[in-house]
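**Student:** Just the structure for this:
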Amino acid sequence: MAAPASRQRPVPSAARFEPDRLLPMWIVASLVLLFCALAALAMGVRWMNDADAAPDREAPNWLATETVRAVSGDGHAIKARVALDVPDSDTRALIRNRPHQVALAMQIGAAEYEVGDAEGAERVEGLSAEIETHLNKFLVAHRVPPVREVVIQDLVLSKP
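**Tutor:** Modelled structure (predicted):
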């Protein structure tokens with residue numbers, strides 16, 4: 001029998017350089033990079049525009065208050081930690097000098113709030129608006145500028 005001719009071993013496909021196989025990978029990688037760059041640019045532009053949208057509004061000047069405890073009109077026990085955006089030094093001085101009267105005005109606002117079917121953010125916003133209304137009535141009666149915003153930082157409601 002004749003000896004078989006020497007065969008060359010096949011080169012593994014990973015070791016072969018095939019530019020045709022790499023082309024789709026480079027195209028996909030380029031498209032992903034282009035998409036990410038456009039998304040980052042769009043988010044950056046939106047962020048820059050939001051910062052420039054309200055240059056006339058002052059930065060908030062927050063003042064923490066005592067915890068507000070009250071029973072709402074529909075019987076829920078309310079415990080809320082409140083922060084106030086105080087625009088003026090006179091308002092800040094009045095709030096600091098009369099903390100019990102300020103707390104009472106906020107308690108009245110919380111007591112008049114009826115939770116009803118409100119849930120989540122709707123509940124917090126409603127309570128915040130009610131407290132802000134009553135607190136601003138108190139502040140205007142003392143001839144100082146009203147607060148710009150009342151923010152509920154923590155809220156605990158107990159059902160009756």
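
**Student:** Quick check: which element contains Ala111?
**Tutor:** helix 99-112 (DSSP states H and E).

**Student:** Over to Glu58?
**Tutor:** With DSSP H and E as criterion, Glu58 is part of no helix or strand.

**Student:** which residue ranges form the strands in this protein?
**Tutor:** 62-64, 68-71, 77-85, 149-158 (DSSP state E).

**Student:** Would you format the ones you listed as TSV with distance to His142 and mean pLDDT included?
**Tutor:** Heads up, the C-betas are built off the backbone N, CA and C, glycines and all. Below are those laid out as TSV (distance: least, Cβ to Cβ, whole Å; pLDDT from 0 to 100):
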stretch	distance to His142	mean pLDDT
strand 62-64	16	86
strand 68-71	19	89
strand 77-85	15	89
strand 149-158	17	86
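
**Student:** which stretch among those comes nearest Trp26?
**Tutor:** strand 149-158 (51.4 Å; Cβ to Cβ).

**Student:** Among the strands of the chain, which comes closest to Val28?
**Tutor:** strand 149-158 (46.8 Å).

**Student:** Tell me which residues are up against the closest one.
**Tutor:** 60, 62, 76-85, 115, 123-124, 127-129, 131-132, 135 (Cβ atoms under 8 Å, 6 or more residues apart in numbering).

**Student:** do stretch 131-146 as well
**Tutor:** Residues contacting stretch 131-146 (Cβ under 8 Å, 6+ apart): 68, 80, 82, 84, 87-88, 90-91, 94, 101-102, 105-106, 108-110, 112-113, 147, 149-150, 152.

**Student:** what ranges of the protein fall below the confidence cut-off?
**Tutor:** 1-7, 9-20, 45-57, 117-118 (pLDDT under 70).

**Student:** How is it partitioned into domains?
**Tutor:** 19-51, 62-158 (automatic domain parsing).

**Student:** hey, which of those domains is tucked in deepest?
**Tutor:** Comparing the domains of the chain by mean neighbour count (mean count of other Cβ atoms under 10 Å), domain 62-158 comes out on top with a mean of 16.

**Student:** show me the contacts for Gln101.
**Tutor:** Phe138.

**Student:** just to revisit the earlier point, any idea which of the strands of the chain gets closest to Pro24?
**Tutor:** strand 149-158 (53.0 Å).

**Student:** circling back: in PDB, list the C-alpha atoms belonging to the helix holding Ala111.
**Tutor:** Extracted in PDB, the C-alpha atoms of helix 99-112 (Å, rounded to 0.1, in the frame of the first residue of the first chain):
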ATOM      1  CA  PRO A  99     -42.600  78.300  66.700                       C
ATOM      2  CA  HIS A 100     -45.700  77.300  68.700                       C
ATOM      3  CA  GLN A 101     -48.000  79.600  66.700                       C
ATOM      4  CA  VAL A 102     -46.600  78.500  63.400                       C
ATOM      5  CA  ALA A 103     -47.000  74.800  64.500                       C
ATOM      6  CA  LEU A 104     -50.600  75.500  65.500                       C
ATOM      7  CA  ALA A 105     -51.300  77.100  62.100                       C
ATOM      8  CA  MET A 106     -49.800  74.000  60.400                       C
ATOM      9  CA  GLN A 107     -51.800  71.700  62.700                       C
ATOM     10  CA  ILE A 108     -55.000  73.400  61.800                       C
ATOM     11  CA  GLY A 109     -54.200  73.000  58.100                       C
ATOM     12  CA  ALA A 110     -53.500  69.300  58.700                       C
ATOM     13  CA  ALA A 111     -56.600  68.800  60.800                       C
ATOM     14  CA  GLU A 112     -58.800  70.300  58.000                       C
END
